[in-house]
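Enquirer: Next input, structure requested:
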Amino acid sequence: MDSFSYFITFYSLILGLALTELLGGFAHMVRAKALKKLEPQTALLALFILVDICSTWVDGWLSLKDVTVNFAGLWAPVLLAICFYLAAAVVFPHDDSDHERLADYYRERKRFVVGLLLAGEMLIHVTYLHVFQDRIAHHPGVFWLWTIPYNVAIEATMVALLIVRSKRANVALLLLLLLLLAIPYWNEGSIPNAIARHYGYS
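Expert: This next block holds a predicted model:
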(Lines give C-alpha, C1' and ligand atoms only; values in the text may rest on other atoms or scores of the structure.)
Protein backbone atom coordinates (compact mmCIF):
# COMPACT_ATOMS: atom_id res chain seq x y z
CA MET A 1 0.00 0.00 0.00
CA ASP A 2 1.44 3.41 -1.00
CA SER A 3 1.50 6.39 1.38
CA PHE A 4 -1.51 8.06 -0.28
CA SER A 5 -3.71 4.97 0.02
CA TYR A 6 -2.57 4.48 3.61
CA PHE A 7 -3.42 8.06 4.57
CA ILE A 8 -6.63 8.50 2.55
CA THR A 9 -8.18 5.58 4.45
CA PHE A 10 -7.64 7.41 7.74
CA TYR A 11 -8.68 10.76 6.24
CA SER A 12 -11.86 9.28 4.81
CA LEU A 13 -12.66 7.72 8.18
CA ILE A 14 -12.61 11.11 9.95
CA LEU A 15 -14.66 12.76 7.21
CA GLY A 16 -17.04 9.81 7.34
CA LEU A 17 -17.45 10.30 11.08
CA ALA A 18 -18.25 13.97 10.42
CA LEU A 19 -20.97 12.93 8.00
CA THR A 20 -22.23 10.42 10.54
CA GLU A 21 -22.51 13.17 13.17
CA LEU A 22 -24.35 15.43 10.74
CA LEU A 23 -26.79 12.77 9.59
CA GLY A 24 -27.16 11.47 13.14
CA GLY A 25 -28.25 14.92 14.31
CA PHE A 26 -30.81 15.07 11.52
CA ALA A 27 -32.00 11.55 12.33
CA HIS A 28 -32.39 12.56 15.97
CA MET A 29 -34.77 15.32 14.92
CA VAL A 30 -36.74 12.81 12.86
CA ARG A 31 -36.95 10.37 15.78
CA ALA A 32 -38.06 13.20 18.08
CA LYS A 33 -40.79 14.10 15.56
CA ALA A 34 -39.31 17.60 15.38
CA LEU A 35 -38.67 17.73 11.65
CA LYS A 36 -41.47 20.26 11.13
CA LYS A 37 -39.58 22.60 13.46
CA LEU A 38 -36.48 22.57 11.25
CA GLU A 39 -35.97 26.14 10.12
CA PRO A 40 -34.18 27.28 6.92
CA GLN A 41 -30.94 28.53 8.50
CA THR A 42 -30.15 25.23 10.21
CA ALA A 43 -31.22 23.19 7.18
CA LEU A 44 -29.06 25.23 4.79
CA LEU A 45 -26.05 25.20 7.11
CA ALA A 46 -26.31 21.41 7.43
CA LEU A 47 -26.63 21.06 3.64
CA PHE A 48 -23.61 23.31 3.10
CA ILE A 49 -21.51 21.24 5.51
CA LEU A 50 -22.63 18.05 3.77
CA VAL A 51 -21.63 19.35 0.34
CA ASP A 52 -18.41 20.88 1.70
CA ILE A 53 -17.32 17.59 3.27
CA CYS A 54 -18.08 15.66 0.07
CA SER A 55 -16.27 18.17 -2.16
CA THR A 56 -13.25 18.20 0.18
CA TRP A 57 -13.10 14.41 0.06
CA VAL A 58 -13.27 14.47 -3.75
CA ASP A 59 -10.58 17.17 -3.91
CA GLY A 60 -8.35 15.09 -1.64
CA TRP A 61 -7.52 12.97 -4.69
CA LEU A 62 -5.78 16.01 -6.18
CA SER A 63 -4.53 17.89 -3.13
CA LEU A 64 -3.26 14.96 -1.05
CA LYS A 65 -1.78 12.61 -3.64
CA ASP A 66 1.76 13.62 -2.61
CA VAL A 67 1.08 13.51 1.15
CA THR A 68 3.88 12.24 3.37
CA VAL A 69 2.99 10.03 6.30
CA ASN A 70 4.62 12.17 8.99
CA PHE A 71 3.59 15.15 11.10
CA ALA A 72 4.81 17.64 8.48
CA GLY A 73 2.49 16.14 5.88
CA LEU A 74 -0.44 15.16 8.08
CA TRP A 75 -1.11 18.08 10.41
CA ALA A 76 -3.12 20.20 7.94
CA PRO A 77 -5.42 17.52 6.47
CA VAL A 78 -6.02 15.93 9.89
CA LEU A 79 -6.90 19.30 11.45
CA LEU A 80 -9.14 20.00 8.45
CA ALA A 81 -11.06 16.77 8.99
CA ILE A 82 -11.36 17.54 12.72
CA CYS A 83 -12.79 21.00 11.93
CA PHE A 84 -15.44 19.36 9.78
CA TYR A 85 -16.22 16.81 12.47
CA LEU A 86 -16.68 19.42 15.21
CA ALA A 87 -18.76 21.69 12.97
CA ALA A 88 -20.99 18.79 11.90
CA ALA A 89 -21.44 17.65 15.50
CA VAL A 90 -22.86 21.01 16.60
CA VAL A 91 -25.25 21.89 13.75
CA PHE A 92 -28.22 19.97 15.13
CA PRO A 93 -29.09 20.09 18.85
CA HIS A 94 -28.79 16.94 20.94
CA ASP A 95 -31.20 18.21 23.59
CA ASP A 96 -34.83 17.81 22.57
CA SER A 97 -35.76 21.05 24.33
CA ASP A 98 -33.64 22.96 21.79
CA HIS A 99 -35.95 21.82 19.00
CA GLU A 100 -38.45 24.38 20.29
CA ARG A 101 -35.90 27.20 19.88
CA LEU A 102 -33.96 26.12 16.82
CA ALA A 103 -33.50 29.65 15.46
CA ASP A 104 -31.94 30.71 18.78
CA TYR A 105 -29.79 27.56 18.82
CA TYR A 106 -28.54 28.42 15.33
CA ARG A 107 -27.72 31.98 16.35
CA GLU A 108 -25.87 30.86 19.47
CA ARG A 109 -23.73 28.25 17.66
CA LYS A 110 -23.32 29.89 14.25
CA ARG A 111 -20.01 31.60 14.94
CA PHE A 112 -18.49 28.41 16.31
CA VAL A 113 -19.61 26.32 13.33
CA VAL A 114 -18.82 28.87 10.61
CA GLY A 115 -15.53 29.73 12.33
CA LEU A 116 -14.51 26.08 12.09
CA LEU A 117 -15.53 25.96 8.43
CA LEU A 118 -13.50 29.11 7.75
CA ALA A 119 -10.51 27.57 9.54
CA GLY A 120 -11.04 24.52 7.36
CA GLU A 121 -10.81 26.71 4.26
CA MET A 122 -7.43 28.01 5.44
CA LEU A 123 -6.24 24.44 6.00
CA ILE A 124 -7.43 23.45 2.54
CA HIS A 125 -5.09 26.13 1.17
CA VAL A 126 -2.22 24.48 3.03
CA THR A 127 -3.02 21.09 1.49
CA TYR A 128 -3.26 22.76 -1.93
CA LEU A 129 0.09 24.58 -1.77
CA HIS A 130 1.77 22.28 -4.28
CA VAL A 131 -1.26 22.56 -6.59
CA PHE A 132 -1.15 26.36 -6.34
CA GLN A 133 2.59 26.40 -7.03
CA ASP A 134 2.14 24.24 -10.11
CA ARG A 135 -0.75 26.41 -11.31
CA ILE A 136 1.25 29.63 -10.90
CA ALA A 137 4.16 28.08 -12.82
CA HIS A 138 2.18 26.55 -15.68
CA HIS A 139 -1.29 28.18 -15.69
CA PRO A 140 -0.88 31.66 -14.16
CA GLY A 141 -4.00 32.99 -15.90
CA VAL A 142 -6.14 30.31 -14.25
CA PHE A 143 -4.56 31.03 -10.86
CA TRP A 144 -5.04 34.82 -10.94
CA LEU A 145 -8.38 34.95 -12.78
CA TRP A 146 -10.06 31.92 -11.23
CA THR A 147 -8.33 30.39 -8.19
CA ILE A 148 -7.76 33.62 -6.25
CA PRO A 149 -11.15 35.31 -6.98
CA TYR A 150 -13.08 32.10 -6.33
CA ASN A 151 -11.45 31.44 -2.96
CA VAL A 152 -11.78 35.08 -1.93
CA ALA A 153 -15.50 34.91 -2.77
CA ILE A 154 -16.00 31.77 -0.63
CA GLU A 155 -14.09 33.16 2.34
CA ALA A 156 -15.58 36.65 2.15
CA THR A 157 -19.07 35.11 2.16
CA MET A 158 -18.16 33.05 5.24
CA VAL A 159 -16.86 36.14 7.02
CA ALA A 160 -20.07 37.98 6.14
CA LEU A 161 -22.06 35.03 7.52
CA LEU A 162 -20.20 35.38 10.80
CA ILE A 163 -21.29 39.02 11.06
CA VAL A 164 -24.87 39.23 9.81
CA ARG A 165 -27.75 38.91 12.27
CA SER A 166 -31.02 38.83 10.34
CA LYS A 167 -32.57 35.54 9.30
CA ARG A 168 -32.98 36.76 5.73
CA ALA A 169 -29.29 37.68 5.43
CA ASN A 170 -28.23 34.33 6.90
CA VAL A 171 -30.41 32.41 4.46
CA ALA A 172 -29.17 34.50 1.50
CA LEU A 173 -25.50 33.98 2.39
CA LEU A 174 -25.94 30.25 2.95
CA LEU A 175 -27.61 29.94 -0.45
CA LEU A 176 -24.74 31.91 -1.98
CA LEU A 177 -22.21 29.58 -0.34
CA LEU A 178 -24.00 26.55 -1.76
CA LEU A 179 -24.01 28.14 -5.20
CA LEU A 180 -20.31 29.03 -4.98
CA LEU A 181 -19.42 25.53 -3.83
CA ALA A 182 -21.27 24.01 -6.79
CA ILE A 183 -19.59 26.18 -9.45
CA PRO A 184 -16.26 24.28 -9.75
CA TYR A 185 -18.09 20.99 -10.22
CA TRP A 186 -20.62 22.32 -12.71
CA ASN A 187 -19.92 21.13 -16.25
CA GLU A 188 -16.53 19.72 -15.21
CA GLY A 189 -14.84 23.01 -14.38
CA SER A 190 -15.89 24.92 -17.49
CA ILE A 191 -14.73 28.32 -16.17
CA PRO A 192 -11.07 27.44 -15.45
CA ASN A 193 -11.01 25.31 -18.61
CA ALA A 194 -12.22 28.29 -20.67
CA ILE A 195 -9.48 30.49 -19.15
CA ALA A 196 -6.88 27.80 -19.90
CA ARG A 197 -8.03 27.59 -23.53
CA HIS A 198 -7.97 31.38 -23.87
CA TYR A 199 -4.32 31.49 -22.79
CA GLY A 200 -3.39 28.42 -24.82
CA TYR A 201 -2.42 26.21 -21.87
CA SER A 202 -2.09 22.56 -22.70
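
Enquirer: so what's Ile49 up against?
Expert: 18, 22, 84, 87-88, 91, 113, 117 (Cβ atoms under 8 Å, 6 or more residues apart in numbering). Any C-beta I mention is one placed from the backbone N, CA and C, and that applies to glycine too.

Enquirer: So which of those are in helices?
Expert: 18, 22, 84, 87-88, 91, 113, 117 (DSSP state H).

Enquirer: closest to Leu38 among these?
Expert: Leu38 lies nearest to Val91 out of those, by Cβ to Cβ, at 11.0 Å.

Enquirer: Let me see the contact set for the closest residue to that closest one other than its chain neighbours.
Expert: Leaving out its chain neighbours, the residue that sits closest to Val91 by Cβ to Cβ, 6 or more residues apart in numbering is Ala46, at 4.9 Å. Ala46 makes contact with 22, 25-26, 91-92, according to Cβ under 8 Å, 6+ apart.

Enquirer: Now pLDDT, neighbour count and distance to Val67 too, for those, in TSV please.
Expert: As requested, the contacts of Ala46 are exported to TSV (pLDDT from 0 to 100; neighbours: other Cβ atoms under 10 Å; distance: Cβ to Cβ, whole Å):
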residue	pLDDT	neighbour count	distance to Val67
Leu22	96	23	25
Gly25	95	18	30
Phe26	96	18	31
Val91	96	23	28
Phe92	96	27	32
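
Enquirer: Make CSV from those residues and add distance to Leu161 to it.
Expert: CSV is the format used below for these (distance: Cβ to Cβ, whole Å):
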residue, distance to Leu161
Leu22, 18
Gly25, 20
Phe26, 21
Val91, 14
Phe92, 18
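
Enquirer: Quickly find the element holding the residue nearest in space to the middle of the chain.
Expert: Central residue of the chain (Cα atoms, centre = their mean): Asp52, 3.1 Å from the mean position. Per DSSP states H and E: Asp52 is located in helix 40-63.

Enquirer: quick one: average confidence on that helix?
Expert: In this model, helix 40-63 has an average pLDDT of 92.

Enquirer: ditto for stretch 6-19
Expert: Computed over stretch 6-19, the average pLDDT equals 89.

Enquirer: for this structure, what are the low-confidence residue spans?
Expert: Residue ranges of the chain with pLDDT under 70: 1, 187-188, 202.

Enquirer: And the helices in it?
Expert: Using DSSP H, helices in the chain cover 3-31, 40-63, 71-91, 102-127, 129-138, 140-142, 148-163, 167-182, 190-198.

Enquirer: Give me the buried positions along the first one.
Expert: Of the residues in helix 3-31, those with enough neighbours to count as buried (16 or more other Cβ atoms under 10 Å) are 4, 7-8, 11, 15, 17-19, 21-22, 25-26, 28-29.
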